[in-house]
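Asker: Have a look; sequence and predicted model below, questions after that.
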Amino acid sequence: MSFRNAPLAVDHERDKSTLFTAEIRAEIDAHIAKYPPEWKQSAVMPALTIVQDANGGWLTTELMDDVAAYLDMPAVSVYEVASFYGMYDLEPQGRHKVCVCNSISCLLQGSEELIEHVEHKYGVRPGETTEDGRFTFKEVECLGACRHAPAVLLDKTYHENLSPESLDKLIDELE
Amino acid sequence: MVPNQNTVCFRTMHLDEDVRHTLEAYRSIGGYTQWERILRERPDPNDLIEEVKLSNLRGRGGAGFPTGLKWSFMPRTGPGQKYIVCNSDEGEPGTCKDRDILRYNPHQLIEGMAIAGYCIGATVGYNYIRGEFYEPIARFEGALREAYAAGLLGTNLQDSGVDFDCYSHMGAGAYICGEETALLESIEGKKGQPRFKPPFPAQYGLYGCPTTINNTESLASVPVILEKGGQWFLELGRPNNGGLKLFSVSGHVNAPNNFEVPMGIPFRTLLEMSGGVKDGKALKAVIPGGSSVPVVPGDLMMDVDMDYDSIAKAGSMLGSGAIIVIAEGTCMVKVLHNLSHFYMHESCGQCTPCREGTGWLARVLHRMLDGKGRPEDLELLESVAGRIGGRTICALGDAAAMPVQSFLKHYRHEFAYLIEHGRPMAA
Amino acid sequence: MTDKITIEIDGRECEAAPGEMIIAVADREGISIPRFCYHKKLSIAANCRMCLVEAEQGGRPFPKPMPACATPVGNGMKVWTRSPKAIEAQQGTMEFLLINHPLDCPICDQGGECELQDVAMGYGDDVSRYSERKRVVVDEDLGPLIATEMTRCIQCTRCVRFAAEVAGARELGATGRGEEMRIGTFIAHTVTHELSGNVIDLCPVGALTSKPFLFSARAWELTGVDGIAPHDGLGSNLRLHVRGGQVMRVHPRDNEAVNETWISDRDRFSYAGLASDDRLTAPMVKEDGVWREIGWSDALELVAKRLKAADPKKTGWLVAPNATLEELYLAQRIARDLGCANIDHRLRQQDFRGDAADPLVPTLGLPVAELETQKAVLLIGSDLRQEQPLLAHRLRKAALAGGQVFCVNPLKLDLNHAATQIVGTPAAMLADLAAIAKSLGAQGASGLNDLIGAAEPTDAHADVAAALSQAGESDALVLLGALATTHPDYSILKALTHAIAEAATCRVGYLPAAANSVGAYLAGAHPARLAGAKSAETSGLALDGMLANPPKTLVLWGFEPGLDLIDPAAASAAFASTDFLVACSAFRSASLESVADVLLPIGAFAETSGSFVNANGTWQRFQGAVAPPGEARPGWKVLRVLGNLLDLKGYDYRDGAQVRDELAALCDEPPLDNRLQGAFEVGTPSESSALTRIGTVPIYALDPLVRRAPALRQMPMPGAEFAVYLHPDQAAAEGLAAGDRVRVTQSGAGIEAHLVLDDHIPMGCARIPAAVAGSEELGAQMGPVSLESMI
Ligand SMILES: Cc1cc2nc3c(=O)[nH]c(=O)nc-3n(C[C@H](O)[C@H](O)[C@H](O)COP(=O)(O)O)c2cc1C
Ligand code: SF4
Ligand code: FES
């Protein structure tokens, strides 16, 4: 047998109209429509993103199972995807995500100081959430903003050319 | 900013920052004239491919493969669906050019994808954009909506009988999805694990159909090449190194930025454009093509021109055109550890040498930085890197190996010093 | 193979097909290339990088070492598998594989038969250059069959690909990325697929091993003996691993025509039942209701005396269809030599009205491998995955290749491929088949025509008809399964089946219930078939006759009456009225001890030599691998002595082979086809009742041996537990809820059970499993049943 790929359709026998909310279903459906009909599973990444956003920034096993059911995929394939890509979180998160780039261009421009500063001032190590639940602190690989290093992705917005002080200001403004 | 006759991907840069990404702005500089001409005249795709071949446009994603030649591999007239896929997964440390194309000139990319689709017989295109690019995604999707509304995308466009649908697909944080077959797997709703080749995407690509994958910059260059001619584009650069190229200069320079300049520009000039080495320090080293390519010592680099062939002669590669500048006083062990850590973290995990070897490299380097290096570590690093490179399914293995080999070649003494003294030489 | 090309491997010229992978050519030539991820039955992953070789094409060397498993050959290619460059590349991979792999082979269960260990020996870099921390991986509980030690995993993904591609169930995955990649179910749950144990063989290291076998023996202490699986009709080829007179574990043996490289979990793990503590280890006799051991000669003399004295017309023999060919042949010989034709092996059939018309030997009707290429298959009355796991795998391949599969069943199946399922009560099954027949314009005898005439075909029936008639004779098939044999109107079902096949010009196949059902026909263990499957002039009593008019003297061979007969309640009443009942069995059991007068201990699976004839008629011989326990003796030897004690002629067999050869000489070549001997007499279908019992046999309850395998018994298989399974709407209509206690009554007999909701069961039906504790008290496996709430 040589290399072959085929969609992994399985029937979960669940009533899809009971999964998620109508808005979320509509959003996922808009993604499904981009792909060939038999390749519904192509929408798994956007579906996980949408569902994660609606769940306070992380995915529970139940939600992954629901995505599997909605897209007629085997649950384990959804787990594979959710655990492979860095932007899915499988544990509860703070209200915000502060992602500091630690790759080479940012390192050369002082990302280490940013990281040390956050660790020191807020008492969180990368991967941890502040005690008040305000934000989860992450080190991430290259954000593709190298010319304005060091860069931080705060929730969905890039902030560039940061210093410990300017990062502080951003964090202070968080709910 | 004044409009520059000689710009390609940054053709809209002189326009007002708030509107330069709109359809109207793009139209104002002659946007979509090539696509509309194609819809009107239905030229022979082979003629268009010849034009691209003539331009000597080489793939801007890193490998530098001639774009026209790649298109000619597609079984264009064969039966069944075919796809054009744009690679906007930009994740190679140091590289930050595609983000700006998406933000400032998304329509030109759409036009390029449409033209490429026409050339290779694909009626559907996907643009794979890395998930962290929230703003660029919004810009690109906004442009898609405009283009659909203007009748530039869809079916039977302007009564030509030509169809072209274009969609975005978002990544979710995995560098490896920049590798073209991992990217295809990812669009198919799977983990981004590269496929072994053969079969190549031109035979067996997205959903098992013939597929061409090109970098954002490569595709965005196409409308201008058709408008002004392959010869024009070629002559902007050098023989075998056609056109303008976006260079992302980052690291220890005073004014890091993206520059769209002719291929073959002396590195010295680019360094000047970037404001020179930060804080007036001496130039120690340059990684001239994104984090995966071999490092070049500063003094050597000062005499190198920025084109594929010249950089190859200097023992490195032009790669994605990301120039990482390193000033005197930087610990090279630390730099290499940062790179190795990146590849360990981003290895997809399927092949043994990469999964096991990248972690090994990073751990040995980490131990050295901790002051626990051993004399035999130098040979060990070289040997482990040698056993990764060239033995993996995709080129991430090579990307992880090349920095190690080049750092040890040029800065061995620094590694030896650290091992002997337990502290970095540079500090 | 057309247009062959020539390549050179290690200087040897080899023929190859264009596009073949280097490793496949090398394997054919016996040139060994190390590998971990490659497996000939799985898709190519090329991820382990162990098979790297040096190669050149058209005089130009490839710049890098090439993976032999993923590099297609080209004409004139040259390959070196042991050149310094190749060895260096392989060594590199080996080193990487070992850095995170524990080097404690002596305590690993795979030690001594580990592919990693074997290959590592060949490279012998004994000083590890890796001094960093090793990876430790948490284990997952995959259930009672598979033990995990995931720290040993080398991420070859064979198990994941097996699950997805062969088992058709994406139960296993590789989650996480890079170094964090882990093989598992992610959310630990028992892997319940009926082929799951094959990952034990596929795993090249000690990450996935057999849980029942765990730490019980080392590979080098075991002796291998070839065997044949004793459960379903496939007859998978086995290798039994034996130590100290005990079967320690069971592995598959490759046989492309039968089981390929796989075996079902039932065939792999049932051996553990041999060690059950209710083995019958000495002949026993019941006196005044008390059992006592006696010697063999006393026992056999007693049995011979009673058989000789008995009226042969009032004697009966019931033999299990997984007895060996030799046992079945000798049993019927003795019976017939004594003038008794009342013998049967069809223990789960209730309608015998078709005996005169039946094919001489009902078989699958085509080579097993040909199932894979069928374009249209109609499966009637079969839960194929539970009945014949590897035939289900072949059928799945057909479906994946685009074949259409249709089912007419009294319950909805959990299938792992596309299929159209027509589900209804047993009466509805007849109507559905009649409708398909009508769509095809089928004709039959008058009774059948009435049925067909009354049918009202729908689109679904027309689809089946169209698919069958369009596929062409050798690519379309109608299959009758084990559930069909329990149907109260099996003869009508068969009549319709044959009418459909004739009208669609396609083949009919029977799915033999047990390992030697086909053999039982050939041996003559049938009231209307003599040895060699010749029609008998006068027919004896079949099972139904023996239950309705119980013989005074009865011999039972190899089964438990409470669990292995179609109607346990009727059987226990019938057997209670015998004068003398002798049971030959490998196990003690309450249902035997209550009816028998004498128990004779016989060898079970692996304890006797013999032969089985599989579903498509292949004779497969095996040797005994271990001695039977205690005084137990191989069955054919017991019968040989008995024949002599009865003063019958010609029972001085030297060995089992002589018995088999005698039977073989009676069998014509080739005797097997599914042509009918006459027309089925189609009477009126049995009255339909308000509620019909569907008595499915759970996969791990098929016969006395599997029922005693502890690990299999722990598997949480669907429908395995004794209970009443009702469709939620049916339960609501009866005023019942999940968990309720209900009294189940069938023809007077009854027992309590709890209620389970299950939407696989059609309205009008209750699934109440057979062959499990509790079912002994009930009547016909398929037939009227009534429920009464206990609250
Ligand atoms: C590990 C790895 C990462 C890559 N990342 C990118 C990327 O982010 N963007 C990109 O365009 N190409 C990337 N490439 C190169 C692509 O595989 C591919 O060659 C390219 O998209 C082809 O387009 P081009 O011919 O226009 O350059 C990567 C390759 C590898 C091996
Ligand atoms: S080289 Fe690394 S990233 Fe590429 S396929 Fe192999 S394991 Fe994955
Ligand atoms: S056997 Fe070829 S890469 Fe694993």
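Answerer: All right, it came through fine. Computed from a predicted model, the values in this text were never measured in an experiment. Numbering: from 1, shown residues only, chains lettered A, B, ... in the order given. Ligands and ions are numbered 1, 2, ... in the order given.

Asker: Just the closest residue of the stretch 51-200 of chain C to chain A, please.
Answerer: Nearest residue of the stretch 51-200 of chain C to chain A (C-beta to the nearest C-beta) works out as residue C:170 at 3.3 Å. Yep, even glycine has a C-beta here, placed from its N, CA and C like the rest.

Asker: so what's that residue closest to, chain neighbours aside?
Answerer: Leaving aside its chain neighbours, residue C:170 sits nearest to residue A:74 (3.3 Å; criterion: C-beta to C-beta, 6 or more residues apart in numbering or on different chains).

Asker: residues touching that neighbour, list them.
Answerer: Applying C-beta atoms under 8 Å, 6 or more residues apart in numbering or on different chains, one finds that residue A:74 lies in contact with A:8, A:10, A:68, C:169-171.

Asker: And the strands in the chain, which stretches?
Answerer: Just so you know, I chose chain A. Under the criterion DSSP state E, strands of chain A are mapped to A:96-101, A:135-140, A:152-154, A:157-159.

Asker: Can you look at chain B instead?
Answerer: With DSSP E as the criterion, chain B has strands at B:83-88, B:124-129, B:165-170, B:211-215, B:244-251, B:257-262, B:265-266, B:283-287, B:296-297, B:305-306, B:322-327.

Asker: Tell me which helix or strand the residue nearest to residue C:372 when sequence neighbours are not counted sits in.
Answerer: The shortest distance from residue C:372 to any non-neighbouring residue, by C-beta to C-beta, 6+ apart, is to residue C:397 (4.3 Å). Assigned by DSSP states H and E, residue C:397 belongs to helix C:389-400.

Asker: Who are the packing partners of that helix?
Answerer: strand C:376-380, helix C:384-387, strand C:404-409 (3 or more C-beta pairs under 8 Å, 6 or more residues apart in numbering or on different chains; DSSP states H and E).

Asker: tell me the pLDDT at residue 3?
Answerer: Since no chain was named, I'll use chain A. Note on residue A:3: pLDDT of 40.

Asker: let's do chain B instead
Answerer: Taking residue B:3 on its own, its pLDDT is 51.

Asker: just to revisit the earlier point, would you turn the strands of chain B into CSV with mean neighbour count?
Answerer: Shown next, in CSV, are these (neighbours: other C-beta atoms under 10 Å in any protein chain shown):
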stretch, mean neighbour count
strand B:83-88, 28
strand B:124-129, 24
strand B:165-170, 22
strand B:211-215, 26
strand B:244-251, 27
strand B:257-262, 20
strand B:265-266, 16
strand B:283-287, 25
strand B:296-297, 20
strand B:305-306, 23
strand B:322-327, 27
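
Asker: okay if I get those strands as JSON lines plus distance to ligand 1?
Answerer: Converted to JSON lines, the strands of chain B look like this (distance: least, C-beta to the nearest ligand atom, whole Å):
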{"stretch": "strand B:83-88", "distance to ligand 1": "4"}
{"stretch": "strand B:124-129", "distance to ligand 1": "9"}
{"stretch": "strand B:165-170", "distance to ligand 1": "14"}
{"stretch": "strand B:211-215", "distance to ligand 1": "3"}
{"stretch": "strand B:244-251", "distance to ligand 1": "12"}
{"stretch": "strand B:257-262", "distance to ligand 1": "15"}
{"stretch": "strand B:265-266", "distance to ligand 1": "20"}
{"stretch": "strand B:283-287", "distance to ligand 1": "15"}
{"stretch": "strand B:296-297", "distance to ligand 1": "21"}
{"stretch": "strand B:305-306", "distance to ligand 1": "17"}
{"stretch": "strand B:322-327", "distance to ligand 1": "10"}
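
Asker: Next, format those as a markdown table and append mean pLDDT.
Answerer: A markdown table is the format used below for these (pLDDT from 0 to 100):
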| stretch | mean pLDDT |
| --- | --- |
| strand B:83-88 | 98 |
| strand B:124-129 | 98 |
| strand B:165-170 | 98 |
| strand B:211-215 | 98 |
| strand B:244-251 | 97 |
| strand B:257-262 | 96 |
| strand B:265-266 | 96 |
| strand B:283-287 | 97 |
| strand B:296-297 | 98 |
| strand B:305-306 | 96 |
| strand B:322-327 | 97 |
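
Asker: right, so of those strands, which gets closest to residue C:751?
Answerer: Residue C:751 lies closest, by C-beta to C-beta, to one member of the strands of chain B: strand B:165-170, at 58.9 Å.

Asker: strand partners of the closest one, parallel vs antiparallel please.
Answerer: Strand pairing for strand B:165-170, determined by DSSP bridges: strand B:124-129 (parallel).

Asker: OK, contacts around the spatially most central residue of chain B?
Answerer: Geometric centre of chain B, nearest residue: residue B:61, 2.8 Å, by C-alpha atoms, centre = their mean. By C-beta under 8 Å, 6+ apart, the contact list for residue B:61 reads B:87, B:178, B:180, B:214-215, B:217-218, B:320.

Asker: now do residue B:388
Answerer: Residue B:388 makes contact with B:353-354, B:357-358, B:361, B:397-398, B:400-401, according to C-beta under 8 Å, 6+ apart.

Asker: do the same with residue C:286
Answerer: Residue C:286 makes contacts with C:292, C:593, C:596-598, as judged by C-beta under 8 Å, 6+ apart.

Asker: what about the nearest residue to residue A:147 once chain neighbours are set aside, how many neighbours?
Answerer: Excluding the flanking residues, the one nearest residue A:147 by C-beta to C-beta, 6+ apart is residue B:256, at 4.4 Å. By other C-beta atoms under 10 Å in any protein chain shown, 25 other residues sit near residue B:256.
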